[in-house]
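>>> Give me a model of this one.
(one chain, ligands or ions: 1)
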Amino acid sequence: MKIGCFQFKPELNDFESNYKKIINTSEKCDLDLIIFPELSTSGYLFKDKNESFNAGQSYLSSNLFNSLTEISKSKNLIIVYGFPEISNNKVFNSAQIIFPDEKYNRIYRKTHLFYNEINYFDFGDTGFFNIYYPPFDINIGTMICYDWRFPEAARTLALLSSDIIVCPSNLVTPLWPKVIPARAIENKVYFAISNRIGKERVGNEELTFNGKSTIYDCEGNILITSGFNDEKLISANINPNLTRNKSFNQYNNIFNDRRENYYFK
Ligand code: ACM
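Next up is the predicted model:
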């Protein structure tokens, strides 16, 4: 199975140009699964909730979801992208997972909000879930960006049988490349970090997003990575079956060896 991450600079509040880029890239790619960054339809650093709502409204009134659904079906391509989701008068920092067979479609709402996101997003309420997609025999778990700081997120997805954790991101600290390989090893899962590039400024706040989108195998090795600041589609082949036997010698199995009675809840 061939998967890819498209690293680019979403333009803040310039929705149409972001939609075009996501559509064009999905149309052209030669993949089974493509992952776009967090909030790739809208940009990230909103002023306030009015602005995140406006971005959510633009998404709702656009044709993006329908266009990507068509592409997903015609190319047999799974598409994951971050977007601001309006639901019941709330706005979530969400990821849409579109499958060629749309009955598998799901939305993940970011569980852990980062920095001043609490001013313009509601806390996600979907929790972590795994989706098994029979046509590709793959288990996909989703988290978004700052969720990486919580080992419980990856562990939960792995215990739910995810073979790969896809992580649309707008990462700003240099720490995550030290951690994600460990999450991959301790859970024996693939990890795909689709990060963005560029800067955003609102008032005195400026954030620099640090690229380096990376696909890790289930032993924490880098299969492919990109630069700090280049627009790029990276891709790699994965074998979901390699993640399913959690034993690494005749005695040890990383799931069966867990001693939950001794863990702090
Ligand atoms: C982040 O959660 N966007 C760092």
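>>> Is there contact, residue-wise, from stretch 146-163 to the ligand?
Yes. With C-beta under 6 Å from any ligand atom as the criterion, the ligand is reached by stretch 146-163 at Y146. Heads up, the C-betas are built off the backbone N, CA and C, glycines and all.
>>> how about that stretch as CSV, C-alpha atoms only?
This file holds the C-alpha atoms of stretch 146-163, laid out as CSV (Å, rounded to 0.1, in the frame of the first residue of the first chain):
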residue,chain,number,x,y,z
TYR,A,146,-0.5,18.3,19.8
ASP,A,147,-2.2,14.9,20.6
TRP,A,148,1.4,13.5,20.0
ARG,A,149,2.4,14.8,23.5
PHE,A,150,0.1,12.3,25.1
PRO,A,151,1.4,8.8,24.8
GLU,A,152,-2.1,7.6,25.8
ALA,A,153,-3.3,8.8,22.4
ALA,A,154,-1.0,6.5,20.3
ARG,A,155,-1.4,3.7,22.9
THR,A,156,-5.2,3.9,22.7
LEU,A,157,-5.1,3.7,18.9
ALA,A,158,-2.7,0.8,18.9
LEU,A,159,-4.8,-1.1,21.4
LEU,A,160,-7.8,-0.5,19.1
SER,A,161,-5.8,-2.3,16.4
SER,A,162,-4.5,0.6,14.3
ASP,A,163,-1.7,-0.4,11.9
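>>> roughly how far out does it sit from the chain middle?
Counting by C-alpha atoms, centre = their mean, to the nearest Å, stretch 146-163 is centred 12 Å from the centre of its parent chain.
>>> buried sites along that stretch?
Of the residues in stretch 146-163, 146-148, 153-158, 162-163 count as buried by neighbour count, 16 or more other C-beta atoms under 10 Å.
>>> how about those in CSV, adding secondary structure?
Below are the buried residues of stretch 146-163 laid out as CSV (DSSP: H, G, I helix; E, B strand; the rest coil):
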residue, secondary structure
Y146, helix
D147, helix
W148, helix
A153, helix
A154, helix
R155, helix
T156, helix
L157, helix
A158, helix
S162, coil
D163, coil
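>>> so which of those residues would you say is closest to the ligand?
Nearest to the ligand among these, counting by C-beta to the nearest ligand atom, is Y146 at 3.1 Å.
>>> Pull up the gap between the closest one and G124, please.
Distance of Y146 to G124, computed by C-beta to C-beta, to the nearest Å: 11 Å.
>>> can you list residues touching both of these two?
When contacts are counted by C-beta atoms under 8 Å, 6 or more residues apart in numbering, the set common to Y146 and G124 consists of K110.
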